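What follows is a predicted structure for the sequence shown.
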Amino acid sequence: MSLGLSAASSPPRSRQFFDVSVLKLVVMSTVTLSFYQIYWFYRNWRLAKERGEDVWPFVRAVFSVLFAYGLFKEVREVGRSASMGVVANASGLAWLYFFFQLTWRLPDPVWFIGLGSVLPLALVQRDVAKVHRALGFDPHVNDHFTWKNIVGIIMGGIFILLIIVGMFLPEPAG
C-alpha cells in the first residue's frame, strides 16, 4: 500500500487514515471487548480503497492480525513523508498486537490481557493525529462520544461487569 507521497509532492486533500481520539478508541475498544478494533481497521482500509488501493476493507478488518503490519507501516511512511518526528515502530507494534490477539484463548481471568490489544492501536492512532495535524487537518474531528457510543459504553460496561461477576461466582456442584 503506497500513497505515492514524496517530500516535494503537495499534501493530500483528504484524510489518509481514520480519525478518532485515542481516548475514544481505548474506551470503545474496551467496552466492546475489542470489536471496535474491527471497525477501526475497516475504516482505515476503506480509506485506502478510496485512495485507489486494491484492498478488501472488510476482509482486512476481520483478519486484522494478518494485515496490521501493513497499516502500521503505512502510517509510519506517511508520517515520515510529512516530515514528522519519530513515529511508532510498525513491526514492533504489529508483533505486540499479534501477542495480545493470541491471549483471548487463555483461561479466566487471564484472557482479559487481550483487551490490551488496543495499546498498539492507540500508539498508531496517536501518530495518525500527528500526520493529519502536519497535513493541516483538525485532529479533533472525532473526539466526542455520540449517543450511539454512550449506549455502547453502557451496554458494554454492564456486559463486562457481568463477566467479571460470573468469573468469581462459585462453580455449581454437580
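All right, it came through fine. Predicted, not measured: the structure shown is a model, and the values here were computed from it. Numbering: from 1, shown residues only.

show me what contacts the spatially most central residue of the chain?
The residue lying closest to the centre of the chain (C-alpha atoms, centre = their mean) is residue 121, at 4.0 Å. Residue 121 makes contacts with 25, 29, 37, 40, 97, as judged by C-beta atoms under 8 Å, 6 or more residues apart in numbering. C-beta here means a position set from N, CA and C on the backbone, and glycine is covered the same way.

same thing with residue 117?
Neighbour list for residue 117: 29, 34, 37, 97, 100, 101 [criterion: C-beta under 8 Å, 6+ apart].

What separation is there between it and residue 44?
15 Å (C-beta to C-beta, to the nearest Å).

now, among the contacts of residue 117, which is nearest to residue 73?
Comparing the contacts of residue 117 against residue 73 with C-beta to C-beta picks out residue 97 as the nearest, at 12.6 Å.

can you pull the contacts of that closest one?
Contacts of residue 97 by C-beta under 8 Å, 6+ apart are 64, 65, 68, 117, 120, 121.

Poorly predicted segments of the protein, please.
Residue ranges of the chain with pLDDT under 70: 1-13, 83-87, 174.

And the helices in it?
Under the criterion DSSP state H, the chain contains helices at 22-31, 35-50, 57-62, 64-81, 90-102, 118-134, 147-168.

Contacts for the first one next, please.
Under the criterion C-beta under 8 Å, 6+ apart, residues 36-37, 40, 115, 117-118, 121-122, 125-126, 129, 142-145, 149, 152-153, 155-157, 160 lie in contact with helix 22-31.

Go again with 10 Å.
18, 20-21, 34-40, 115-119, 121-126, 128-129, 142-146, 149, 152-160 (C-beta atoms under 10 Å, 6 or more residues apart in numbering).

Quick check on the residues you listed: which are buried?
18, 20-21, 34, 36-40, 115-118, 121-126, 128-129, 152-153, 156, 160 (16 or more other C-beta atoms under 10 Å).

possible to save the contacts of residue 121 as TSV with distance to residue 82?
Listed next are those as TSV, based on distance: C-beta to C-beta, whole Å:
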residue	distance to residue 82
25	21
29	26
37	25
40	21
97	23
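
Can you tell me which of the residues you listed comes closest to residue 167?
For these, the closest approach to residue 167 (C-beta to C-beta) belongs to residue 29, at 20.2 Å.

any idea how far the closest one is from residue 38?
Separation of residue 29 from residue 38 (C-beta to C-beta): 10 Å.

can you list residues touching both of the two?
Counting by C-beta under 10 Å, 6+ apart, nothing touches both residue 29 and residue 38.

For residue 151, the count of nearby residues, please.
Residues near residue 151, counting by other C-beta atoms under 10 Å, number 11.

which among the contacts of residue 121 gets closest to residue 50?
Checking these against residue 50 with C-beta to C-beta, the nearest one is residue 40 at 16.1 Å.
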